[in-house]
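Q: take a look and give me a structure for this.
(chains A and B)
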Amino acid sequence: MTEYQPDGKETESLYERLTDEAEACGYHLNPDVGFTKALVEGLLTNQARYGYWACPCRLADGEKAADLDIICPCDYRDADLNEFGACYCRLYVSQAVLDGKRNLQPIPERRPPEEERGSPGRTTESPTAGFSHTVWRCKVCGYLCARDNPPEVCPICRAKKERFEKFA
Amino acid sequence: MASELESKFTGRVLLFALSTCVMCRGVRNLLNGMDIQYECVYVDLLPPDEKRMAKDEMRKWNPRCPFPMLIVNGTKCVIGDEPATIKEALQQ
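A: Model (predicted):
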């Protein structure tokens, strides 16, 4: 099997797209361009390998339902940005890191061990607390919206529909 | 071959890495620069049965299976790409 190799053009175009999307939403890519482009290559490789952007720094299962929480941007990004100034793979960094006011330290793996992850891909059911609509929560950034179905793409962080859970 | 993979688990310096991980690449560059002999297992490139074996081996050290994971002498485990920590672990 020949492994897919992203070409420079694809990497460049995804890098630019991610930069624009991040900046438009208050997020920042790692300013170390060489490092960041290597991660973008990893995303493209995983796209070809699994069909989705599994985190380049985590071992993907290959079953989308089992990997949903580590599809970039992962469910753990924002918590790690808050606590450590970067996400686990360091693709995204906080404003303080970008401004050189904070140094990056090693980031421990926040994703729970396999046996503690629960059934993959299941949205947690919670009772609708007398609201006229279901409230949906984006697991990546916490965005809430009240409507019959979650949006196709989170307007805040661009996570896809399947990353939403029923909140109320 | 599964047995071939198992024999790597007992080497003096063993690196569990992912082919797509930039920090893993950093550790390889560091080890190469130090002229250290080591075995590198790219877990994401293994066939399913060997991937399972490698994960089981990694779980003995850390149940979250973080990468890069460097095992020295079968007694020490270093997670991450910090040069100082890695050099210290290798100095024995």
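
Q: what's opposite the closest residue in space to residue B:8 that isn't next to it in sequence in the beta bridge?
A: Spatial nearest neighbour of residue B:8, excluding adjacent residues (CB to CB, 6 or more residues apart in numbering or on different chains): residue B:39 at 4.4 Å. C-beta here means a position set from N, CA and C on the backbone, and glycine is covered the same way. Judged by DSSP bridges, the bridge partners of residue B:39 are residue B:14.

Q: per the annotation, how does chain A divide into domains?
A: A:8-103, A:122-168 (automatic domain parsing).

Q: so which of those domains gets nearest residue B:62?
A: domain A:8-103 (12.3 Å; CB to CB).

Q: quick one, what contacts residue B:35?
A: Going by CB atoms under 8 Å, 6 or more residues apart in numbering or on different chains, residue B:35 touches no other residue.

Q: so how far is residue B:90 from it?
A: Distance, residue B:35 to residue B:90, using CB to CB, to the nearest Å: 11 Å.

Q: what residues does chain B put near chain A?
A: Near chain A, the residues belonging to chain B are B:18-25, B:43-45, B:51, B:55, B:59, B:62-67, B:79-82 when assessed by CB under 8 Å from any CB of the partner chain.

Q: can you name the residue of chain B nearest to chain A?
A: residue B:20 (3.5 Å; CB to the nearest CB).

Q: can you report how many residues neighbour that residue?
A: 28 (other CB atoms under 10 Å in any protein chain shown).

Q: the one 4 residues further on too?
A: A count of neighbours around residue B:24, defined by other CB under 10 Å, yields 25.

Q: in the one helix or strand it maps to, what's buried?
A: Per DSSP states H and E, residue B:24 falls inside helix B:22-34. Within helix B:22-34, the residues scored as buried using 16 or more other CB atoms under 10 Å in any protein chain shown are B:22-28, B:30-31.
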